[in-house]
Structure formats: C-alpha cells, structure tokens
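**Q** here is a sequence together with a model predicted from it:
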Amino acid sequence: MITINSNMLSNSLSVPGPPSNLQIFPFGEYLLVTWTPPKEPNGIITNYQVGSAEYSSSSPESVVVTMDEVDSNVFKKLLGNRRFETSYVVELRAKTSKGWGASLRTTTKTIEKSGEKF
C-alpha cells in the first residue's frame, strides 16, 4: 500500500512550465506552429493556447496576441489568414487544473509572395 500525503500532492500540482521544442514554419499566408509538452508539466496538461499577432515595432514583447485554445493531445496548429512578408509574434502556453503557465514567445516573418511565371 502506498500512502500519499495530501500536502505533497497539492504542492506538486501547479501551473505548468512552458511547452518545449517550439518550432514555427512560416509560409506566405500561414504559420505552422508545432511543440511538445512542457518539461515541467506540474500536473496533467488539460489545454494549450497558441496564437500570433502582427508587429512592426522594435518591441514585440509588448504586442497583445489573440490565442486559440486546443486540446492537450494537439501539438500543432496552422494559423491562417496571415499576410505575406509580415512579421509576427507567436505565443504558446499550457494549462493544468491550477491554471495557465508561462508563455513562450518568439518572432517570425512570413515569406514573400512568389511571382507568377508565364
């Protein structure tokens, strides 16, 4: 028989660390975002939030990002309706029963529109 101290259990459950291995694959009008679960889940991951926002200033950390929520078994998200040759802030975070954890933020730029060849 295993005895679990309720204080130990409540202390080990917390908000998660940031997701791991964040990768962004920029296309012309899309950003493909992939990740793996946090190295420090601090409980059971219940959801992720991922999103992006355009930025043109020198301080992308101040940009407010609109986030979409996905299930805990989803590790990629295609963000559509983006503009060619535009800079974006991409943000990602995980959630446990204790709340949302720290966000990962990075910047990327969509590719240029290719010209039509006749």
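**A** Alright, I've got the coordinates. Remember, predicted model here, so these are calculated numbers, not experimental data.
**Q** in this protein, which residue is closest to the centre?
**A** For the chain, the residue nearest the mean C-alpha position is L92 (1.7 Å; Cα atoms, centre = their mean).
**Q** who are the packing partners of whichever helix or strand that one is part of?
**A** Secondary-structure assignment from DSSP states H and E places L92 in strand 87-96. Helices and strands touching strand 87-96, as assessed by 3 or more Cβ pairs under 8 Å, 6 or more residues apart in numbering; DSSP states H and E, comprise strand 20-26, strand 31-36, strand 47-54, strand 104-109. The C-beta positions use only the backbone N, C-alpha and C, and glycine is treated the same way.
**Q** helices or strands up against the last one?
**A** Secondary structure elements in contact with strand 104-109, counted by 3+ Cβ pairs under 8 Å, 6+ apart, are strand 20-26, strand 87-96.
**Q** spatially nearest residue to K76 (excluding sequence neighbours)?
**A** T34 (4.4 Å; Cβ to Cβ, 6 or more residues apart in numbering).
**Q** and for V33?
**A** Distances taken as Cβ to Cβ, 6+ apart place K77 nearest to V33, at 5.0 Å, with adjacent residues excluded.
**Q** so what touches whichever helix or strand that neighbour is part of?
**A** According to DSSP H and E, K77 maps onto strand 76-79. Here strand 76-79 makes contact (Cβ atoms under 8 Å, 6 or more residues apart in numbering) with 30-35, 50-52, 68, 70, 90.
**Q** direction included, what does it pair up with?
**A** Note on strand 76-79: by DSSP bridges, its sheet partners are strand 31-36 (antiparallel).
**Q** tell me which residues in the partner strand are buried?
**A** With burial defined by 16 or more other Cβ atoms under 10 Å, the residues of strand 31-36 counted as buried are 31, 33-35.
**Q** and what of stretch 68-80?
**A** Neighbour-count burial for stretch 68-80 flags 77, 79 (criterion: 16+ other Cβ under 10 Å).
**Q** quick one: end-to-end distance for that stretch.
**A** Terminal residues of stretch 68-80 are spaced 12 Å apart (Cα to Cα, to the nearest Å).
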